[in-house]
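The sequence and its predicted three-dimensional model are supplied below.
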Amino acid sequence: MMCLFTISTGTMKKLLQSKRRGDAMPLAILVAMLLLAMGVGILSLGVHSRLYSTRVAFDIAARCAADAGLEMALFEMNEKLKVKPWSDSILPEGASQALSNCDATFSYSVTAGSGGYVVESIGQSGSAEKRVYAELELEGLFEHAILTRETLTLKSGTTVDGYNSLDSSDTDADVDIGTQSTANSSIILNNGVTVEGDIIVGIGGNPDTAIKDLGATTGDQYAATQDDPLPQITPPTLTNTGLSIDAKGKTVTLTPADSGKYTGIDLKNDKTPGILEIKGEGVVLHITGDIQLGQSCEIVVTEGSSLIIYCDGNITCGNGSGINTQNPSEAATTLQLYGTGDSEQTFDIKAKSNFTGVIYAPNANIELYAGGDAYGSIVADNFEFKSGGNYHYDESLRKVETDDQGVRFVVKRWYEGTPE
């Protein structure tokens, strides 16, 4: 049995409208609450992101300021080295110095300890503070066995190794050779060359192309991360004699009392060779012109003596001539030769037997002919090791003092946080 109900159209509309109003209100409230929660969440996220980015920016600025303080301290320490003699009675310090183009500041100080000098630098930006520390050490001109600005060539069969003239028991010398160039074939290693150490090419260079290996045995080959500065050396102030040191078929002897500034050295053969004999520890010569050695002529540093030459001109050695050390102890500082010319120089250097000495001439093209082995270190624009024996680097050259020629402070160790 079916029951039928009749409802008017007006009544139906009223019922529907009443039902929609009752359902819509809770829905609207729910949507509003959801939107409010989302808005609060987004606002909170934005605020926290803003605070986080501000803290990060402060941290970065404080760290940059601390590093700037370290660099400033290192710069000032190296400026102090230019004043001779060295004194550490007053060491660099600075307080609340502004970092350029930034609101950050830095303070720094250098202290002397038993192991050397330590830099403390504090960077501040907003609420952030960063502390960095660095241990400084001295580095000299002869950190490498051979270093050139451009090309380096080793003859066939050459062995490059190291020794320590201050410690004969040191049989594990750290040796490397290198160039600051990245050009193809900047280093030429002829057949049979052995380098008992690493080979370094210029920053960003490719060792595979910068090194022309014709059959060598070496350690690692890689590109440098920074170049040695190779500063220009200024001769010391010496008595200006206005004279040339000449020896034609005779022997001329110089002692420390004869140290001075000379216009040149000219040794000639006149039936007997001209010889310049150095006697005494600490003979220093500034040669404003050229050094010329005729056939079979010699500069001889006698046993127990030492010679430092600052040369503004060129060096030419004739056949059979040589710059020699007598009964050398293999201490490379027995003979020190510095190229001090303003323009390109040429050093044609020979030794009748072994060559012992250091040569620093970053503007010079150097060729070394040794009748025996070579002991020491060489810095040149271009260098070629020709006839003779092997090449031995004196690791003791890395032991330098504040008053040595061309030394500088470098960062040995760096760390952040609290001092160790």
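Nice, I can see it.

The nearest residue to residue 345 once chain neighbours are set aside: neighbouring residues, count only.
Counting by CB to CB, 6 or more residues apart in numbering, residue 345 lies nearest to residue 364, which is 3.9 Å off, once chain neighbours are set aside. Every residue, glycine included, has its C-beta placed from N, CA and C. Residues lying near residue 364 (other CB atoms under 10 Å) number 26.

tell me the mean pLDDT over stretch 142-150?
Mean pLDDT, stretch 142-150: 97.

tell me how far the ends of it are from each other?
17 Å (CA to CA, to the nearest Å).

Name the residues of it that are buried.
For stretch 142-150, the neighbour count (16 or more other CB atoms under 10 Å) marks 142, 143, 144, 145, 146, 147, 148, 149 as buried.

quick check, nearest of those residues to residue 136?
residue 143 (15.5 Å; CB to CB).

Return the per-residue confidence for the residue nearest to residue 345.
On pLDDT, residue 364 comes in at 98.

Check residue 28 too.
Taking residue 28 on its own, its pLDDT is 75.

Wasn't it part of a strand?
No. The assignment for residue 28 (DSSP: H, G, I helix; E, B strand; the rest coil) gives helix, which keeps it out of a strand.

still on that earlier bit, if I read this right, the residue nearest to residue 345 contacts residue 343, doesn't it?
No. Counting by CB atoms under 8 Å, residue 364 does not reach residue 343; the two are 10.2 Å apart.

which strands and helices sit next to the lowest-mean-pLDDT helix or strand in the chain?
Least confident element among the helices and strands of the chain, by mean pLDDT, DSSP states H and E: helix 9-81 (a mean of 77). Under the contact criterion of 3 or more CB pairs under 8 Å, 6 or more residues apart in numbering; DSSP states H and E, helix 9-81 touches strand 93-98, strand 105-113, strand 116-125, strand 128-139, strand 408-416.

switch the cut-off to 7 Å
Packed against helix 9-81 by the contact rule (3 or more CB pairs under 7 Å, 6 or more residues apart in numbering; DSSP states H and E) you find strand 105-113, strand 116-125, strand 128-139, strand 408-416.

partners of the longest strand seen in the chain in the sheet?
Assignment by DSSP state E gives strand 355-370 as the longest strand of the chain. Here strand 355-370 has these sheet partners by DSSP bridges: strand 335-339 (parallel), strand 345-351 (parallel), strand 374-385 (parallel).

what sits up against the first one?
What that stands for is strand 335-339. For strand 335-339, contacts defined as CB atoms under 7 Å, 6 or more residues apart in numbering pick out 233, 301, 307-311, 325, 345, 347, 356-361, 363-364.

list the contacts for the residue positioned nearest the centre of the chain?
For the chain, the residue nearest the mean C-alpha position is residue 228 (3.3 Å; CA atoms, centre = their mean). Counting by CB under 7 Å, 6+ apart, residue 228 makes contact with 143, 147.

quick revisit: nearest approach to residue 192 belongs to which of the strands paired with strand 355-370?
Once the strands paired with strand 355-370 are compared by CB to CB, strand 374-385 is nearest, at 13.2 Å.
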